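>>> Give me a model of this one.
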Amino acid sequence: MKKFRTLITDRFDLDAFAKLKTDPLLQVDVSAAPRPTREELAETEILVIRSRTKIDKDLLANAPRLKMIVTATSGFDHIDLAETSARDLKVMFTPNANAASAAELTWALVLACARRVTEAHRAVKAGDWKRESLIGRELSGKSYGVIGLGRIGSRVARIALAFGMKVIAFDPYKDDEDFERVGATRVSLEELLRLADVVSVHVPATSETERMLNAVLLESMNRSAIFVNTSRGSVVTERDLIQALSENWIAACGLDVFEREPLARDSRLLTFPNVVASPHLGATTAEAFSQASQDAAEKVRAFAATGSVSDPLPPREPWFVAGFGRRTPSARD
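You can find the predicted model right below:
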C-alpha cells in the first residue's frame, strides 16, 4: 500500500499527531526545525506547517515530490501563493479554528479600554488607590461598530448584543440576511466610524483592505470612541493612528496586531496610557491550537484517502477574492 510521506514542521497537538501516525495511508515524520532541510524535503509529499515555516521559492525547489501543504493557522502570509499556484500545489488552511479565541480577545481589549484595567493594575501595584482618576464607562446602551461581519465579526456582534449594545456593521460582501442573522444594522464605513462608541476591525489583509483606515477616517470618529484591531496590522495606517491618539480623535485603543511585528520597543504607541497592547494573541489559546491541529490532520487524511481539498488557498471568501491578484493576500496566525 502506498503511503504519503508527510512532514510536520512545527508544534502540533498530540491527539491530532496520533491520528496521523496511525493512519495506514501516511508515513509521518517531524522536522528538526520549522525550516526543514533539503534532505527532509526530498521525499516529502504532504507538508504540515504553522506560521514559522515560510513557504517560498527556495523551499519549494527542495521539495520536488510535494503535492499538498496544509497550514494549521487561519493566516497565510508565510506562504507564497503565487509560487504554490505556479507549481499546481494544493494548499489548505484552518480558518475556523480560532474564531472563538479571536472574538474573545477582542472583547478582552474592549473591556480593558472601557474600564481602564491596565492603568488600574499599574496604579494598584504602585500603591495608588485613587479611584477617582480611573473613571471608566459602561457599554450597555452604547453603539458597537463591527467592520467585517465574517466568522469573527459575527461572534463579536452577538456578544455586543448580550451587553445591551446596539450593533452597526460594515461589510460590502454580506447580504442583508447576514446582518439580520446577527442583529446588526447595515451602515457605510463612514457612518460606522462617526456613530459607534466602540469600533473593532475583523477583515483580512488584502490589497483592498491595506491601510483602509487612515487619518481622514480616524478623524471622523466619535471622540469618546474605543478603537480595537485584532485583525491585521496592515488595515490601519499606523502613523495616522498615532496622530489620532496624539490629537484625541479617539478615547482609547486596543491593539493585538501591528504594521511590523514584533512591535518595536520604542514605538510611540507604547507611550500612550490609553493604549492596551497584546503580542498578536488572537489565536493563542489551548483550544484554538488543538482545533487547528485537528482540522489540519483531518485535511491531510482526507487528501490521502480521496484527494479531496477543503478550505483552499487562496480563499474563496469575497474579501479575499476582491483583493487577490493585485497583491498576494497577507494574514497571520
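>>> From now on I want contacts and neighbour counts done on CA atoms only, so please keep to that.
Fine.
>>> Name the nearest residue to residue 153, sequence neighbours excluded.
Nearest residue to residue 153 in three dimensions, chain neighbours excluded: residue 202, at 5.6 Å (C-alpha to C-alpha, 6 or more residues apart in numbering).
>>> if I read this right, that neighbour contacts residue 150, doesn't it?
Yes - using C-alpha atoms under 8 Å, residue 202 is in contact with residue 150, at 7.4 Å.
>>> Comparing the two, which residue is more hemmed in?
A count of neighbours by other C-alpha atoms under 10 Å puts residue 202 above the other of residue 202 and residue 150, at 25 against 20.
>>> how about the more buried one, phi and psi?
Main-chain dihedrals, residue 202, degrees, to the nearest 10: phi -140, psi 60.
>>> So, low pLDDT: which residues of the stretch 101-250 of the chain?
Within the stretch 101-250 of the chain, not a single segment meets pLDDT under 70.
>>> Show me where it has its strands.
With DSSP state E, counting those that start in this stretch as the criterion, the stretch 101-250 of the chain has strands at 143-147, 166-170, 184-186, 198-201, 226-229.
>>> any chance of the ones you listed in TSV, with mean neighbour count and distance to residue 215 too?
Below are the strands of the stretch 101-250 of the chain laid out as TSV (neighbours: other C-alpha atoms under 10 Å; distance: least, C-alpha to C-alpha, whole Å):
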stretch	mean neighbour count	distance to residue 215
strand 143-147	27	17
strand 166-170	24	19
strand 184-186	21	23
strand 198-201	26	15
strand 226-229	25	14
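>>> Now distance to residue 69 too, for those, in a markdown table please.
Putting those into a markdown table (distance: least, C-alpha to C-alpha, whole Å) gives the following:
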| stretch | distance to residue 69 |
| --- | --- |
| strand 143-147 | 31 |
| strand 166-170 | 33 |
| strand 184-186 | 37 |
| strand 198-201 | 29 |
| strand 226-229 | 29 |
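>>> who wins for proximity to residue 124 among these?
With C-alpha to C-alpha as the measure, strand 226-229 is the member of the strands of the stretch 101-250 of the chain nearest residue 124 (23.5 Å).
>>> Run through who's touching that closest one.
Contacts with strand 226-229, where a contact means C-alpha atoms under 8 Å, 6 or more residues apart in numbering, come from 106, 109-110, 113-114, 197-202, 250-257.
>>> can you do 7 Å?
For strand 226-229, the surrounding residues in contact (C-alpha atoms under 7 Å, 6 or more residues apart in numbering) are 109-110, 113, 197-201, 250-257.
>>> How about stretch 6-26?
So stretch 6-26 is contacted by 2-5, 27-31, 33-34, 36, 44-50, 290, 293-294, 297, 304 (C-alpha under 7 Å, 6+ apart).
>>> Ok, stretch 262-276 next?
With C-alpha under 7 Å, 6+ apart, stretch 262-276 has contacts from 109, 113, 242, 252, 253, 254, 255.
>>> Now, those residues that are in helices?
Residues of the contacts of stretch 262-276 located in helices (DSSP state H): 109, 113, 242.
>>> so which of these is the most crowded?
residue 109 (27 neighbours).
>>> Hmm, residue 254 and that one touching each other?
Yes - counting by C-alpha atoms under 7 Å, residue 109 touches residue 254, with 5.2 Å between them.
>>> Rounded mean pLDDT for the host helix or strand of residue 20, please.
Residue 20 belongs to helix 14-21 when elements are defined using DSSP states H and E. Across helix 14-21, pLDDT averages out at 98.
>>> Can you name the element that comes right after it?
Following helix 14-21 in sequence, per DSSP H and E, is strand 26-30.
>>> Would you pull up how far that following strand lies from the middle of the chain?
Centroid separation for strand 26-30 versus its chain: 29 Å, with C-alpha atoms, centre = their mean, to the nearest Å.
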